[in-house]
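**Student:** Predicted model and sequence below, questions to follow.
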Amino acid sequence: MARILVIGGGIAGTAAALGLRKAGHDVAVFEAHPDTAEDIGAFLTLAANGMRALAQIDATDAVTAIGFPLTSLRLLDDRGGEVARAPLAGADDPALRYRCLRRGELNAALQAEAVRRGTPLRHGARLVAVDAGADAVTARFSDGSSATADLLIGADGLNSAVRRLVVAPAARPRYAGQRVYYGYTDTAPVPGETGAITMVRGSAGAFGYAVSPAGETYWFARVAAGPRSAAGPRPAGGAPDPTPADLRGELLPLLREDATPAGDIVAAGDGSVMATDATELPLGTPWRAGRVLLVGDAAHAASPATGQGASMALEDAVVLAKALRDLPDPRTALTVYEHHRRPRAEHNITVSGAISRGARTPARDTPAAPGAPREDDALNRLLDWDTPLPGLPRTER
């Protein structure tokens, strides 16, 4: 049993804690924010792979108690006509169905589940230094307290303090070519089908929405920078944050260029509108240094175009727990973990960035050999809790 510190109590950190505790380790989580409500207004979608990962750490019930399921995908053209409809992966399995939910509620549910299982979780613990030695690692916090363990997991997001202090001080998130807006409308101005996510191919960007069982429409828009758009990286500091009215003013003229439901949905909302720049970490960013490892967005943040950020973090949690369970020592475990996770995570960065920039989506560098298992099958075996994690191939030992 190892003593492990997890820095960050968001999706990646609490999921990692759940997996590591299930694998038999002594885990404590330290979160800089004073409560669980970070990004309470934003929403996300967990895909079938993320739901599969949740099942491996016995957290399905905690998550399906919030949000709502999605079972099909509709695609509309720039005139509002339906051009395609298809079931989403996992639609026939209640435990694997896509799920739409608010980020803050997901954070709170995973944190509550971790605490229920006996994992200490401390809020308001802002990391200021890490002392990494040959035999142990110590985290030091702004209030003068500290904690020492065998390993430290940096799950503290895009602007990770662990990455900046220890693993990759020179790595900086970069703008991925789009601004992302999201919000809610209490009553959908167009008929909405519960259980479906509708994607709209507009002239100025992508728009998507889903209608909850209560009739609330969750929507997002991804808009590329350009002469017709105000999208572009916001300057750091100085200018005040735009108001919801400002953000609607940026977005609505672009959506109104097309005869789709998008403009009416955004105009009908009377709640807040949020916006963020799409960002990503460069390929090749280091993930580990000695007894310190990065997971989730701290390691491999991608633009949100593929909608895989949270699901990738949940996959990380399962594979890391299995690596530390199945490999003979921490150094080998972290090496094997990175071997299994980096190609998939960086492919997601590449694909998502290409979508955000309007470029052609790249294929895998190496095509599958004849008779090789399907990628989904290989991922399912990698995530399956009862299947031992493969070690390194002979050529990489």
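**Tutor:** Thanks, I have it. Note that the structure is predicted; figures quoted are calculated from it, not measured.

**Student:** going forward, measure contacts between C-alpha atoms and count neighbours the same way
**Tutor:** OK.

**Student:** before we move on, what SS does the residue lying closest to Arg163 once chain neighbours are set aside have?
**Tutor:** Spatially, and ignoring its direct neighbours in sequence, Arg163 is nearest to Pro169 (6.2 Å; Cα to Cα, 6 or more residues apart in numbering). What DSSP: H, G, I helix; E, B strand; the rest coil gives for Pro169 is coil.

**Student:** ok, now how distant is Pro169 from Cys100?
**Tutor:** 34 Å (Cα to Cα, to the nearest Å).

**Student:** Give me the more crowded residue out of those two.
**Tutor:** The residue with more neighbours, out of Pro169 and Cys100, is Cys100; 23 against 13, by other Cα atoms under 10 Å.

**Student:** Now do the contacts for the more buried one.
**Tutor:** The contact partners of Cys100, taken as Cα atoms under 8 Å, 6 or more residues apart in numbering, are Phe43, Leu44, Thr45, Leu46, Gly67, Phe68, Pro69, Leu70.

**Student:** And these, which is closest to Lys22?
**Tutor:** Distance to Lys22, by Cα to Cα, is smallest for Leu46 among the contacts of Cys100, at 21.7 Å.

**Student:** Quick one: end-to-end length of stretch 79-97, please.
**Tutor:** 29 Å.

**Student:** pLDDT on it, on average?
**Tutor:** Stretch 79-97 shows a mean pLDDT of 94.

**Student:** Show me the contact partners of it.
**Tutor:** With Cα under 8 Å, 6+ apart, stretch 79-97 has contacts from 47-49, 51-52, 55, 60, 69-77, 98, 200, 258-261.

**Student:** Quick one: residues contacting Val266.
**Tutor:** Counting by Cα under 8 Å, 6+ apart, the residues that Val266 touches are Gly183, Tyr184, Thr185, Trp219, Arg248, Leu252.

**Student:** Asp277 belongs to a strand?
**Tutor:** Yes: assessed with three-state DSSP, Asp277 lies in a strand.

**Student:** And what about the residue nearest to it when sequence neighbours are not counted, helix, strand or coil?
**Tutor:** Ranked by Cα to Cα, 6+ apart and with sequence neighbours excluded, the top spatial neighbour of Asp277 is Arg179, at 4.5 Å. Put simply, Arg179 is strand when judged by three-state DSSP.

**Student:** how close does Arg179 get to Pro240?
**Tutor:** Taking Cα to Cα, one finds Arg179 at 17 Å from Pro240.

**Student:** cool, Pro189 as well?
**Tutor:** 32 Å.

**Student:** Ala132 too?
**Tutor:** Taken as Cα to Cα, the span from Ala132 to Pro240 is 39 Å.

**Student:** Which one of these two is surrounded by more residues?
**Tutor:** Ala132 (20 against 6).

**Student:** where does the closest residue to the more buried one other than its chain neighbours land on pLDDT?
**Tutor:** Leaving aside its chain neighbours, Ala132 sits nearest to Thr138 (6.3 Å; criterion: Cα to Cα, 6+ apart). We have a pLDDT of 98 for Thr138.

**Student:** what about Thr138, how many neighbours?
**Tutor:** 18.

**Student:** Please apply the same query to the one 5 residues further on.
**Tutor:** When neighbours are counted by other Cα under 10 Å, Asp143 registers 11.

**Student:** Look up how far Pro328 lies from Pro388.
**Tutor:** In terms of Cα to Cα, Pro388 sits 13 Å off from Pro328.

**Student:** Neighbour count: the two, which is higher?
**Tutor:** Pro388 (15 against 10).

**Student:** and the closest residue to that one other than its chain neighbours, what does it touch?
**Tutor:** Computed as Cα to Cα, 6+ apart, the closest residue to Pro388 that is not its neighbour in sequence is Asp326, at 6.5 Å. Asp326 sits next to Ala333, Pro388, Leu389 when contact means Cα under 8 Å, 6+ apart.

**Student:** How about Leu382?
**Tutor:** Val319, Leu389.

**Student:** and what of Leu392?
**Tutor:** Taking Cα under 8 Å, 6+ apart, one finds Val336, His339 in contact with Leu392.

**Student:** list the contacts for Gln111?
**Tutor:** Gly9, Gly10, Thr14, Thr36, Leu121.

**Student:** any idea how far the closest residue to Asp258 other than its chain neighbours is from Ala53?
**Tutor:** Spatial nearest neighbour of Asp258, excluding adjacent residues (Cα to Cα, 6+ apart): Asp78 at 5.4 Å. Per Cα to Cα, Asp78 is found 36 Å from Ala53.

**Student:** who does Ile7 bridge with?
**Tutor:** Phe30, Gly154 (DSSP bridges).

**Student:** I figured it hits Ala17, correct?
**Tutor:** No: the pair Ile7 / Ala17 is not scored as a contact, 10.1 Å apart, by Cα atoms under 8 Å.

**Student:** residues shared between the contacts of the two?
**Tutor:** Contacts common to Ile7 and Ala17, judged by Cα under 8 Å, 6+ apart, are Val29.

**Student:** These two - which one has more neighbours?
**Tutor:** Ala17 (33 against 29).

**Student:** element containing that one?
**Tutor:** helix 11-22 (DSSP states H and E).

**Student:** So which elements touch that helix?
**Tutor:** strand 3-7, strand 26-31, helix 103-116, helix 309-326 (3 or more Cα pairs under 8 Å, 6 or more residues apart in numbering; DSSP states H and E).

**Student:** Please repeat the previous calculation with a cut-off of 6 Å.
**Tutor:** If you count contacts as 3 or more Cα pairs under 6 Å, 6 or more residues apart in numbering; DSSP states H and E, helix 11-22 packs onto helix 103-116, helix 309-326.

**Student:** Return the distance of stretch 127-140 from the chain's centre.
**Tutor:** Offset of stretch 127-140 from its chain centre (Cα atoms, centre = their mean, to the nearest Å): 26 Å.

**Student:** what about it, start to end distance?
**Tutor:** Start-to-end, stretch 127-140 (Cα to Cα) is 6 Å.

**Student:** Let me see the ranges of the helices in the stretch 201-350 of the chain.
**Tutor:** Under the criterion DSSP state H, counting those that start in this stretch, the stretch 201-350 of the chain carries helices at the ranges 244-255, 262-268, 297-300, 309-326, 330-357.
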